[in-house]
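In: Curious how this folds, go ahead:
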Amino acid sequence: MLIKVFGSAVFGVEATTVVVEVNIDKGIGYHLVGLPDNAIKESNYRIAAALQNNGYKIPGKKITINMAPADLRKEGSAYDLTLALGILSASNQIKSEHIEKYLIMGELSLDGSVQPIKGALPIAIKAKEEGFKGFILPKDNAKEAAIVNGLDVYGVENIKEVIDYFDADKPLEPTIIDTRAEFYKTLDFPEFDFADVKGQESIKRCMEIAAAGGHNIILIGPPGSGKTMLAKRLPSILPPMTLHEALETTKIHSVVGKVKNMGLMNQRPFRSPHHTISDVALVGGGAYPQPGEISLSHNGVLFLDELPEFKRGVLEVMRQPLEDREVTISRARFTVTYPSSFMLVASMNPSPGGYFNDPDAPVTSSPAEMQRYLSKISGPLLDRIDIHIEVTPVPFEKLSDDRKGEGSVAIRQRVTAARDIQTKRFTALENVHYNAQMNTKQIRQYCKLDEASKLLLKNAMERLNLSARAYDRILKVARTIADLAQSEAVDGNHISEAIQYRSLDREGWLG
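Out: Numbering: from 1, shown residues only. Presented below is the predicted three-dimensional model:
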């Protein structure tokens, strides 16, 4: 008897429906075809034990299973439940008249319990698009899949629940989530708050500008000056994610199995990989491509602490994603594109010893040593970072002051107001939402300068020997400063402040 059961394969951040055809005929043997990987090939042992321990069995006949489309590589153990239900239906051990209306996924333990899977959200989105009545999956993934409205999502803990649902008409409890209520629940309660930061008012101002325009930023300063503390608080002043951004971000984290019982992600991601990370782990890839850290920080912040300690090759692979805001992984037979629109926040010491060229510092480094240390970061990568800022140690008087600084919620209100201006400005543009995303043509259109401002910028360009890309960055940052000031035009004050934030371009910075 031939039965069709439906599962799904995740390819990039999109899902493709997989038709599992199970045919049972006279003879002996178990044949699984359709490009399954080793985890799927081993599934017959898990399925046999799970069925045995729940009062069923794999029939002693010739079983042929095809996973179509047969030319698409299938991987992982998430097809166990799909295959088991197909075998039970094809051997007439359970009723099967409604089984084709459901998409079924889950990994089986030997006792029949159902283990979590990866990619539940993109699979649920695809199931709804293709008109399935419901999606049966592990209970740990039910919240994540239930984000999709208009699809019945049933979370199960054991294969017996699914068997009883089809064979004995024993109802399953659908998982229902109010997506909007979940989304707005914890928006105004940041875990890290700028009110905890003592002093560093100029750096807070830089962070506010970076957040308002989506600009990349690098913090340069000695150990203990507060670089990491400031970076961790940046997500708390970014505008709240839109529902679309939250779905997009949750989808990427779902693919790598980092969502589970969370449901919809409503906080912007903050990723901080260690400096020993490989280039594949950072941008994504592998034999079976997976999103890397830059995609996991999509719509959020990627923090690279001690930037010169990262391998140069690892940093160089970020140059294209920083410009294009997506990363493409190419293999001989396929190409996968992952979104990677993130804010890069980097921090570094100014020298191997950790201090500026200061004779009173605990560890001093010569200008030559400092220059050699800084040269580990390429000019093209630094050019792609809009804001360079020096972070100096906080004096004791400010550290011991009991007064709290301005909180993240107040700063976020100003940032959100500036972002609203940018959203209106770029309404007609599909891929531009804030100032950092502007291309050269848009910079010329929205960052027009008067003669005095042009002269100021011309002098700075000549004196600091800035590149054309640095010129564009200054204009983008100046446009953001003007937006924060609710100013329609970019004037000399905005330009002069933006020029200050190119520390690494200034001659004599080392001295």
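In: Okay, strands next: where are they in the stretch 351-500 of the chain?
Out: Assigned by DSSP state E, counting those that start in this stretch, the strands in the stretch 351-500 of the chain fall at 387-390.
In: Residue ranges in it under the pLDDT threshold?
Out: The stretch 351-500 of the chain contains residues with pLDDT under 70 at 356-364.
In: need the helices for it, in chain order.
Out: Using DSSP state H, counting those that start in this stretch, the helices of the stretch 351-500 of the chain run over residues 367-374, 379-383, 396-399, 408-425, 440-446, 451-464, 468-484, 492-500.
In: Need the winner for burial among the ones you listed.
Out: helix 468-484 (a mean of 23; mean count of other Cβ atoms under 10 Å). C-beta: built from backbone N, CA, C; applies to glycine.
In: Switch the helices of the stretch 351-500 of the chain over to JSON lines; also include distance to I163.
Out: Formatted as JSON lines, those follow (distance: least, Cβ to Cβ, whole Å):
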{"stretch": "helix 367-374", "distance to I163": "64"}
{"stretch": "helix 379-383", "distance to I163": "56"}
{"stretch": "helix 396-399", "distance to I163": "64"}
{"stretch": "helix 408-425", "distance to I163": "51"}
{"stretch": "helix 440-446", "distance to I163": "58"}
{"stretch": "helix 451-464", "distance to I163": "72"}
{"stretch": "helix 468-484", "distance to I163": "59"}
{"stretch": "helix 492-500", "distance to I163": "66"}
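In: among those helices, which is nearest I159?
Out: Across those, I159 has its closest neighbour in helix 408-425 (46.9 Å, Cβ to Cβ).
In: what residues does the closest one touch?
Out: 188, 190, 192-195, 204, 208, 211-213, 233, 236-240, 433-435, 446, 480, 483-484, 486 (Cβ atoms under 8 Å, 6 or more residues apart in numbering).
In: Can I have the buried ones of those as a PyMOL selection?
Out: PyMOL command restricting these to the buried ones, with burial defined by 16 or more other Cβ atoms under 10 Å:
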select buried, resi 190+192+193+194+195+204+208+211+212+213+233+236+237+238+239+240+433+434+435+446+480+483+484
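In: Tell me which of the helices of the stretch 351-500 of the chain lies nearest to K101.
Out: helix 408-425 (41.4 Å).
In: Okay, angle between that closest one and helix 468-484 too, please.
Out: 110 degrees (axes from the mean of the first three to the mean of the last three Cα atoms, to 10 degrees).
In: Just the C-alphas of helix 408-425, formatted as PDB.
Out: Output in PDB follows, covering the C-alpha atoms of helix 408-425 (Å, rounded to 0.1, in the frame of the first residue of the first chain):
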ATOM      1  CA  SER A 408      18.100  54.000  28.300                       C
ATOM      2  CA  VAL A 409      14.400  54.600  27.900                       C
ATOM      3  CA  ALA A 410      14.900  58.400  27.700                       C
ATOM      4  CA  ILE A 411      17.700  58.000  25.100                       C
ATOM      5  CA  ARG A 412      15.700  55.600  23.200                       C
ATOM      6  CA  GLN A 413      12.900  58.100  22.800                       C
ATOM      7  CA  ARG A 414      15.200  60.500  21.000                       C
ATOM      8  CA  VAL A 415      16.700  57.700  18.900                       C
ATOM      9  CA  THR A 416      13.200  56.600  17.900                       C
ATOM     10  CA  ALA A 417      12.200  60.100  17.000                       C
ATOM     11  CA  ALA A 418      15.200  60.400  14.700                       C
ATOM     12  CA  ARG A 419      14.500  57.000  13.200                       C
ATOM     13  CA  ASP A 420      10.900  58.100  12.500                       C
ATOM     14  CA  ILE A 421      12.200  61.100  10.500                       C
ATOM     15  CA  GLN A 422      14.400  58.700   8.500                       C
ATOM     16  CA  THR A 423      11.600  56.300   7.900                       C
ATOM     17  CA  LYS A 424       9.500  59.000   6.400                       C
ATOM     18  CA  ARG A 425      12.400  60.300   4.300                       C
END
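In: chain center to that helix: distance?
Out: Averaging C-alpha positions (Cα atoms, centre = their mean, to the nearest Å) puts helix 408-425 22 Å from its chain's average.
In: Equivalent analysis for stretch 342-351, please.
Out: In terms of Cα atoms, centre = their mean, the centre of stretch 342-351 is set 19 Å apart from its chain centre.
In: Span of that stretch from start to end?
Out: 27 Å (Cα to Cα, to the nearest Å).
In: One more: stretch 443-460?
Out: Taking Cα to Cα, stretch 443-460 runs 18 Å from one end to the other.
In: Run through who's touching that stretch.
Out: If you take Cβ under 8 Å, 6+ apart as the criterion, stretch 443-460 is touched by 425, 438, 466, 471-472, 474-476, 478-479, 489-492, 495-496, 499.
In: hmm, 10 Å instead?
Out: 422, 425-426, 432, 435, 438, 466, 470-479, 482, 489-496, 498-500, 502, 505-506 (Cβ atoms under 10 Å, 6 or more residues apart in numbering).
In: for this structure, what helix or strand is lowest in average pLDDT?
Out: helix 179-184 (a mean of 68; mean pLDDT, DSSP states H and E).
In: Mind giving me the packing neighbours of the helix or strand following it?
Out: Later in the chain than helix 179-184, the nearest helix or strand by DSSP states H and E is helix 201-213. Applying 3 or more Cβ pairs under 10 Å, 6 or more residues apart in numbering; DSSP states H and E, we find helix 201-213 packed against strand 217-220, helix 227-232, strand 343-348, strand 387-390, helix 408-425, helix 468-484, helix 492-500.
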